[in-house]
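K.L.:
Give the three-dimensional model of this entry:
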Amino acid sequence: MRSLLVPLLLVASTQAQAAWPSDVSITALARSEGQPSTDEFRDLVRELGSGLSNYNNLPANTTGIDGFDAALGTTVWFIDAYDDTTPTEWQRSSPDGSPPSYQMSPSLVVRKGLPLSTEVGLGTSWFAGSGQGAVHAFARVGLLEGHLPWPSVTLHAGYTGYVGNDELELGVIDLAATLGTSIPLQRSADVTQSHFSPYFTVSVLRMRAQPIADADLLDDAGIVPIGGPDANAESQLTAVRVQGGLQVDSGPALFRLNVGWTPSASLLLGTSVGIGF
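P.N.:
All right, here's what the predicted structure looks like:
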């Protein structure tokens, strides 16, 4: 029996220690050779934070006091993972130096309507190809909605926490404003069961990142924490994201399509399907 258990334990240990292809390693980034890693760490945090916090591709209208919806989605990040001249931050932070040429993040987001045109929501997402992911929480309030021909206006405040990475604590606060409308699609003169809802969103992302690795290694690489109450202006990181999208709902079924862009970070394409009541 012992002769059988030992090989099995060795195989299990090897699989547990093996890195996923999309894992982000701060130790690997700090040990990489070439140009200093200070700016590369900031670029990595900006791209990772903007991608993982893209769950809020929601229309301007809230769900209403009795409303509820849940949607499964996927966001694809189009980033410059490779460069012809020098290794990128994605290559340097990859355990084997060969990250995917694009990133993907499947997600599940639910939201519940509350009185006074407000709603709250929770979500979770996975950084595909890695052992890491994110959790999300948000609140929204409709300042103006349901008064055609005037557009709906909604304010959003949310937080994304990166989880599953022992070498990086990352949090993103996102504050957004969404402008949109909902257009009924009539099946007959007196029956409306579907709506088409285009929207446009501008978000401000405030990121905070704490690298967790050998202190001497981080000092040598010039990698310092980003954000926090004691951070100076040079160590703060804020990004602006613009998004455009649409939602089509027919009865309880819904479909969303969203395109977003964060300067100096990534182009994002998100889709989701779900049910709403």
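
K.L.:
Partner strands of the helix or strand containing residue 174, with direction?
P.N.:
Element membership for residue 174 (DSSP states H and E) is strand 168-180. As defined by DSSP bridges, the strand partners of strand 168-180 come to strand 152-163 (antiparallel), strand 191-211 (antiparallel).

K.L.:
any chance of the ones you listed in TSV, with mean pLDDT, distance to residue 89 and mean neighbour count too?
P.N.:
Glycine gets a C-beta too; all of them are placed from N, C-alpha and C. Below are the strands paired with strand 168-180 laid out as TSV (pLDDT from 0 to 100; distance: least, C-beta to C-beta, whole Å; neighbours: other C-beta atoms under 10 Å):
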stretch	mean pLDDT	distance to residue 89	mean neighbour count
strand 152-163	96	16	19
strand 191-211	89	13	18
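
K.L.:
average pLDDT across the strand holding residue 174?
P.N.:
For strand 168-180, mean pLDDT rounds to 96.

K.L.:
how far is it from where the chain is centred?
P.N.:
9 Å (C-alpha atoms, centre = their mean, to the nearest Å).

K.L.:
And it, what's buried?
P.N.:
In terms of neighbour count (16 or more other C-beta atoms under 10 Å), strand 168-180 has its buried residues at 168, 170, 171, 172, 173, 174, 176, 178, 180.

K.L.:
what do you get for stretch 119-138?
P.N.:
Across stretch 119-138, burial judged by 16+ other C-beta under 10 Å covers 119, 121, 123, 125-128, 130, 132-134, 136, 138.

K.L.:
Show residues contacting that stretch.
P.N.:
Here stretch 119-138 makes contact (C-beta atoms under 8 Å, 6 or more residues apart in numbering) with 20-24, 52-53, 55-56, 62-63, 67, 75, 100, 103-114, 139-140, 156-165, 174.

K.L.:
taking the buried residues of stretch 119-138 one by one, which sit in strands?
P.N.:
119, 121, 123, 125, 126, 127, 132, 133, 134, 136, 138 (DSSP state E).

K.L.:
biggest separation within those residues, which pair?
P.N.:
119 and 132 (28.0 Å; C-beta to C-beta).

K.L.:
ranges for the helices of this structure?
P.N.:
Counting by DSSP state H, residue ranges of the helices within the chain are 2-17, 26-31, 38-52, 89-93, 215-221.

K.L.:
which secondary structure elements does the shortest one contact?
P.N.:
Contacts of helix 89-93 with other secondary structure elements, assessed using 3 or more C-beta pairs under 8 Å, 6 or more residues apart in numbering; DSSP states H and E, are made with helix 26-31, helix 38-52.

K.L.:
now the longest one against strand 191-211, angle please.
P.N.:
Using axes from the mean of the first three to the mean of the last three C-alpha atoms, to 10 degrees, one finds that helix 38-52 and strand 191-211 are set 160 degrees apart in direction.

K.L.:
thinking again about what came up before, quick one: which of the ones in strands among the buried residues of stretch 119-138 is nearest residue 193?
P.N.:
Nearest member of these to residue 193, counting by C-beta to C-beta, is residue 119, at 22.4 Å.

K.L.:
so how far is residue 90 from the closest one?
P.N.:
35 Å (C-beta to C-beta, to the nearest Å).

K.L.:
wait, residue 118 sits on residue 62?
P.N.:
Yes. With contact defined as C-beta atoms under 8 Å, residue 118 reaches residue 62; the gap is 6.8 Å.

K.L.:
ok, for the residue nearest in space to the middle of the chain, nearest residue in space, not its chain neighbours?
P.N.:
Nearest to the geometric centre of the chain sits residue 52, at 1.8 Å (C-alpha atoms, centre = their mean). Closest residue to residue 52 apart from its sequence neighbours, by C-beta to C-beta, 6 or more residues apart in numbering: residue 134 at 4.4 Å.

K.L.:
Would you mind measuring from that neighbour to residue 162?
P.N.:
5 Å.

K.L.:
Please apply the same query to residue 268.
P.N.:
From residue 268 to residue 162 the distance is 17 Å (C-beta to C-beta).

K.L.:
before we move on, what about residue 142?
P.N.:
Taking C-beta to C-beta, one finds residue 142 at 29 Å from residue 162.

K.L.:
mind listing what the closest residue to residue 217 other than its chain neighbours touches?
P.N.:
Leaving aside its chain neighbours, residue 217 sits nearest to residue 30 (4.8 Å; criterion: C-beta to C-beta, 6+ apart). By C-beta under 8 Å, 6+ apart, the residues touching residue 30 are 37, 211, 213, 214, 217, 218, 220, 221, 223.
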